[in-house]
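A.B. asks: sequence and computational prediction follow.
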Amino acid sequence: VSVRTRGARARLGKALRRLGVRDGDADALPGLRARWERREISNFEYLMGLNTLAGRSYHDLNQYPVFPWVLRDYESQSLDLADPRVYRDLSKPMGAQRAAQAEAVAAQYAAFEDPEVPKFHYGSHYSTLGFVLYYLIRVEPFTSYAVALQSGRLDHPDRLFASVAETFRNCTASPADVKELTPEWFYLPHFLANANGVPLGTRASGEAVGDVALPPWAASPADFVRQHRAALESDYVSQNLHHWIDLVFGYKQTGPEAVKALNVFFYLTYEGGADLSQVSDPHELESLKAQLNNFGQTPTQLFTAPHGARRPPPSPQQGAIAAASPGLRA
């Protein structure tokens, strides 16, 4: 992993130590992966570790940690995490969750021709500065960042994050909106409540924008986050999370496998898509920076072969044996 500053190196080392990876360990990634596959760390911890190793950081809104949508049911009165039908398909990007939408982006890719711009399925991205602020606009310092981004005011109320179900629908209905989630969706209920009284305005429908509208199965922001985190750590997600890792951090990120997976984004989002150090014209440099901020940045590719699945949870008998024999390893 390339780390540019001592401060960044210290933060990386601290994050890895929390996950049980030793400083200077040349096998940091394989070790982290093995601990996840053996169920020694949670799905959340593993995703945070991968984000860190791929250059994502809470300190950089353009390269903020990215997490997956894990559910698709935001309409039911109760949530049954044992039912596979409540989950999003983790083997497909958000822009290909629906069959009709998958056909549309495949046709768009096939029809696109430009001598200077490589083919792509999506002109948008799943993680950008704007999307981070969209989700976290109700809490500081993100409120202030959002105001600064909009030249001193908040965005139009109809474009603000107002409903979990509405946002999921939008992210699966158009190749222009395929955003994934941020880590806060799994531990911070405050981002769903407008406790600071931010003046978010009124929509064209006449509906005031305040707290985020939750699914019927969530009694409160805290209850939503509790159930959402349980979904992330569920057996279904544990058995399928490696497919999403293939898309975002792995071998389906670029090349022929990305094409087959309907997972190709605008070329400037990829590492090496634009070398800013080689741009001497200040106007061209600012233009490229603005494009990178707008299009988002794809994480550093960590895996070039299919990621293995997580081990199944131990049976009650295995658990009893392990408890009786602490020194025994499977």
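C.D. replies: Received, thanks.

A.B. asks: need the mean per-residue confidence for the helix or strand hosting Leu241.
C.D. replies: Counting by DSSP states H and E, the element that carries Leu241 is helix 235-248. Regarding helix 235-248, the rounded mean pLDDT is 98.

A.B. asks: ok, and what's touching it?
C.D. replies: 39, 43, 46-47, 50, 66, 68, 70, 81-82, 84, 87, 90-93, 126, 180, 231, 252-253, 261, 263, 299, 303, 306-310, 312-313 (Cβ atoms under 8 Å, 6 or more residues apart in numbering). Using the backbone N, CA and C atoms, a C-beta is placed for each residue, glycine as well.

A.B. asks: what of stretch 154-170?
C.D. replies: Counting by Cβ under 8 Å, 6+ apart, 69, 72, 74-75, 134-135, 137, 146-147, 177, 192, 198-204, 207, 209, 212-215, 224 sit against stretch 154-170.

A.B. asks: among these, which are in helices?
C.D. replies: Residues of the contacts of stretch 154-170 located in helices (DSSP state H): Tyr134, Tyr135, Ala146, Val147, Phe224.

A.B. asks: burial measure for the fourth one, as a count.
C.D. replies: The local packing of Val147 (other Cβ atoms under 10 Å) involves 16 other residues.

A.B. asks: same question, the last one
C.D. replies: One way to gauge burial is a neighbour count; for Phe224, by other Cβ under 10 Å, it gives 21.

A.B. asks: surely it meets Ala218?
C.D. replies: Yes: if you go by Cβ atoms under 8 Å, Phe224 and Ala218 touch, sitting 3.7 Å apart.

A.B. asks: list of residues touching stretch 63-70?
C.D. replies: The contact list for stretch 63-70, computed with Cβ under 8 Å, 6+ apart, reads 47-48, 51-52, 55-58, 87-88, 90, 94, 126-127, 129, 132, 168, 171, 180-183, 185-186, 228, 231-232, 234, 237, 241, 244, 248, 297, 299.

A.B. asks: and these, which are buried?
C.D. replies: 47-48, 51-52, 55-58, 87-88, 90, 94, 126-127, 129, 132, 168, 171, 180-183, 185-186, 228, 231-232, 234, 237, 241, 244, 248, 297, 299 (16 or more other Cβ atoms under 10 Å).

A.B. asks: Leu262: what's it in contact with?
C.D. replies: Lys92, Pro93, Gly95, Ala96, Ala102, Val105, Ala106, Tyr109, His121.

A.B. asks: skipping adjacent residues, who's closest to it in space?
C.D. replies: Ala96 (4.3 Å; Cβ to Cβ, 6 or more residues apart in numbering).

A.B. asks: what stretches of this protein score poorly on pLDDT?
C.D. replies: 1-27, 293-294, 316-330 (pLDDT under 70).

A.B. asks: again, only this time at 80
C.D. replies: 1-27, 272-280, 288-295, 315-330 (pLDDT under 80).

A.B. asks: all strands of it, in order?
C.D. replies: Taking DSSP state E, the chain contains no strands at all.

A.B. asks: so where do the helices sit in the stretch 1-150 of the chain?
C.D. replies: The residue ranges that make up the helices of the stretch 1-150 of the chain, judged by DSSP state H, counting those that start in this stretch, are 6-18, 28-37, 43-53, 99-111, 129-136, 142-149.

A.B. asks: switch those helices over to CSV; also include distance to Val117.
C.D. replies: As requested, those are exported to CSV (distance: least, Cβ to Cβ, whole Å):
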stretch, distance to Val117
helix 6-18, 32
helix 28-37, 32
helix 43-53, 28
helix 99-111, 12
helix 129-136, 21
helix 142-149, 26
